[in-house]
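Participant: take this sequence and fold it.
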Amino acid sequence: KQWYQRRVRAKDLRNNSAWNHRYFVIENSQGWSKETISKELEYAGTYIKKAPNNESSWNYARGIIKKNKMKYSDFPPFKELCVGMNESHIPSPFLLSTLADIHVEEGNNTAASNIFEQLKDLDSIREKYWTFKQNQLQVGS
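Facilitator: Residues are numbered from 1 along each chain as shown. I've put the predicted structure just below:
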């Protein structure tokens, strides 16, 4: 099964179905231990670095954290990957959205609000969505 997934992603690393299949296989076989999540975040990170504007790999990484009611702070290497990519000025709305989630998780709503401002310009098709997300924050905390 993993051979098939690697082959499909090698042909098209943006293949959302391959990411969904990977999730399904893990969910229905070994399950989501913290160790498995760490390994999967590392795996997703390799594809995120190759194609930072690939929504599929970001959704996979973010989804396994949220589905398992974990926090980004539980996985420092993934958080560090995001921070490092941002410091390298990689223009990815998925990166910025993840960073906003990290800031909200840490209680830094001002930083999250600043990121939502950036997202309004970078991802203007979803400007109203980013405004909505920004308005949900209590800025100043």
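Participant: what's near enough to touch residue 95?
Facilitator: Listed by CB atoms under 8 Å, 6 or more residues apart in numbering, the contact partners of residue 95 are 48, 52, 58, 82, 85-86. Where you see a C-beta, it was placed from the backbone N, CA and C, and this is true even at glycine.
Participant: what helix or strand is it located in?
Facilitator: If you go by DSSP states H and E, residue 95 is part of helix 93-105.
Participant: list the buried residues in that helix.
Facilitator: Neighbour-count burial for helix 93-105, with 16 or more other CB atoms under 10 Å as criterion, is recorded at 93-104.
Participant: ok, now stretch 115-126?
Facilitator: With burial defined by 16+ other CB under 10 Å, the residues of stretch 115-126 counted as buried are 115-116, 118-120, 122-123.
Participant: also stretch 23-40?
Facilitator: Along stretch 23-40, the positions that meet the burial threshold by neighbour count (16+ other CB under 10 Å) are 23, 26, 32, 37, 40.
Participant: and the third one, how far from residue 131?
Facilitator: If I follow you right, that is residue 32. Computed with CB to CB, to the nearest Å, the distance linking residue 32 and residue 131 is 33 Å.
Participant: next structured bit after the biggest helix by length in the chain?
Facilitator: Taking DSSP state H as the assignment, the helix of the chain that covers the most residues is helix 34-50. Next along the chain after helix 34-50, taking DSSP H and E as the criterion, comes helix 55-67.
Participant: got the angle for that following helix vs helix 34-50?
Facilitator: Compare the direction of helix 55-67 with that of helix 34-50 by axes from the mean of the first three to the mean of the last three CA atoms, to 10 degrees and you get 160 degrees.
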